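Participant: Got a predicted structure here, sequence first:
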Amino acid sequence: MPELPEVETTRRGIAPHVCGRHVKQLLVRQRQLRWPVPGQLEQFLAGQRIERIDRRGKYLLLTVGRGTLIIHLGMSGSLRLLTTDSPPGPHDHIDLLLEDGCRLRYTDPRRFGAWLWTDGAIEQHALLQKLGPEPLSAAFDADYLYSLSRGRKLAVKSFIMNSHVVVGVGNIYANEALFRAGIHPARAAGRIARQRYQGLVEAIKSVLDDAIREGGTTLRDFVGGEGKPGYFKQRLQVYDRRDAPCRCCASTIRETRIGQRSSFFCPGCQR
DNA sequence: AGAGGTACCTGGCAGC
DNA sequence: TGCTGCCAGGTACCTC
């Protein structure tokens, strides 16, 4: 599912039902996710109080007394809160049972997601320590992107999708942000002027903000933390709109491959 | 160091 | 209808 807005929507959806509660039991039905679910995770979590749930990039961080549970939803994962017991489907790999009878159910058909554990400083974890700034933070600004991009020859779309540059910009929102900024996705990152990066930074922030406000983009199997779908799909200007007319200039939206990913752009609006 | 390709896994769908 | 091949929201890791 998940780009940053979907992960943030999930976090906000489940946080009120999870924070402050104690873990009754962790039920792992399938350990083979992107990495094997640690064999001792059940013991680590049993009886622990969930202090908080944070997000770093697309990672969800559930902090309990003795450490932090790191969850990534991969490409097809979702978390739902169940208030009644229902039989697990074939892709319902993990249930986190709470003392009040609720359960957090993790579903992931493609099993690209992850459930990991750390009892150290969270920012020092190997998966998190090299991540770039949060796109919605003040640290992510035009000066940062512009200076980091100098000399880089790769496509600007690949550049902004690199989590070491900035976290949380996946394929859908990279396409949408570049459209809003009027920048062609294949343009070399190092050959874009500072002022245009100003526009791109604003576009990334606004497209993510808008998507969070709409509850994420509904694509195939995304379901929000409380089981509600997102509505941002209706707002998409270029993604998945090949051969459709641009809503700004009526040019025909084109599709191309950049870094093995589907890329959509308007040849009239984007240079 | 940067750039590009590969791998993980399953489901859905277009095309034959 | 049924089979085959391709594609999909992510990202760590490998090679050149």
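Facilitator: Thanks, I have it.
Participant: any idea whether A:D143 is helix, strand or coil?
Facilitator: Assigned with DSSP: H, G, I helix; E, B strand; the rest coil, A:D143 falls in the helix class.
Participant: Leaving out chain neighbours, which residue sits closest to it?
Facilitator: Closest residue to A:D143 apart from its sequence neighbours, by CB to CB, 6 or more residues apart in numbering: A:R194 at 7.8 Å. Heads up, the C-betas are built off the backbone N, CA and C, glycines and all.
Participant: With A:Q237 instead?
Facilitator: A:F179 is the one closest to A:Q237 (CB to CB, 6+ apart), at 5.1 Å.
Participant: That neighbour: how many residues sit nearby?
Facilitator: Counted by other CB atoms under 10 Å, the residues lying close to A:F179 total 27.
Participant: surely it meets A:L236?
Facilitator: No. Counting by CB atoms under 8 Å, A:F179 stays clear of A:L236, with 9.3 Å between them.
Participant: Read off the pLDDT value for the residue nearest to A:D143.
Facilitator: A:R194 carries a pLDDT value of 97.
Participant: ok, now A:M1?
Facilitator: Taking A:M1 on its own, its pLDDT is 54.
Participant: Same check on the one 5 residues further on?
Facilitator: A:E6 is assigned a predicted lDDT (pLDDT) of 88.
Participant: any idea whether it is helix, strand or coil?
Facilitator: Relying on three-state DSSP, one would call A:E6 helix.
Participant: That one: what's its closest spatial neighbour, skipping adjacent residues?
Facilitator: Leaving aside its chain neighbours, A:E6 sits nearest to A:G216 (3.9 Å; criterion: CB to CB, 6+ apart).
Participant: The one you found against A:R12, yeah?
Facilitator: No. Using CB under 8 Å, A:G216 makes no contact with A:R12, being 10.5 Å away.
Participant: more crowded one of those two?
Facilitator: A:G216 (29 against 16).
Participant: In which helix or strand does that one reside?
Facilitator: Element membership for A:G216, per DSSP states H and E: none, as it lies in no helix or strand.
Participant: A:K205 too?
Facilitator: helix A:194-214.
Participant: Please point out which parts of that helix sit buried.
Facilitator: A:196-201, A:203-205, A:207-208, A:211-212, A:214 (16 or more other CB atoms under 10 Å).
Participant: What of stretch A:105-116?
Facilitator: Result for stretch A:105-116 [16+ other CB under 10 Å]: buried residues A:105-109, A:111, A:113-116.
Participant: got the residues of the stretch 51-200 of chain A near DNA strand C?
Facilitator: A:57-58, A:72, A:74-76, A:110, A:112, A:126-127, A:161, A:163-164, A:170-172 (CB under 7 Å from any atom of the strand).
Participant: try it again with 10 Å
Facilitator: The stretch 51-200 of chain A comes close to DNA strand C at residues A:56-59, A:72-78, A:109-114, A:126-128, A:130-131, A:158, A:161-164, A:167-175, as judged by CB under 10 Å from any atom of the strand.
Participant: Could you give the bridge partners of the nearest residue to A:Y106 once chain neighbours are set aside?
Facilitator: Nearest non-adjacent residue to A:Y106, counting by CB to CB, 6+ apart: A:I94, 4.1 Å away. Going by DSSP bridges, A:I94 is paired in beta bridges with A:V28, A:Y106.
Participant: Name the residue of the stretch 101-250 of chain A that lies nearest to DNA strand C.
Facilitator: A:G170 (1.8 Å; CB to the nearest atom of the strand).
Participant: so where is the stretch 151-271 of chain A shaky, pLDDT-wise?
Facilitator: A:217-231 (pLDDT under 70).
Participant: quick one: the strands in it?
Facilitator: A:254-258, A:261-265 (DSSP state E, counting those that start in this stretch).
Participant: want to throw those strands into CSV with mean neighbour count?
Facilitator: Below are the strands of the stretch 151-271 of chain A laid out as CSV (neighbours: other CB atoms under 10 Å):
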stretch, mean neighbour count
strand A:254-258, 15
strand A:261-265, 20
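Participant: check contacts around the residue nearest to A:I172 when sequence neighbours are not counted.
Facilitator: Of all residues not flanking A:I172 in the chain, A:Y239 sits nearest, at 4.9 Å (CB to CB, 6+ apart). With contact taken as CB atoms under 8 Å, 6 or more residues apart in numbering, A:Y239 is in contact with A:171-172, A:175-176, A:264.
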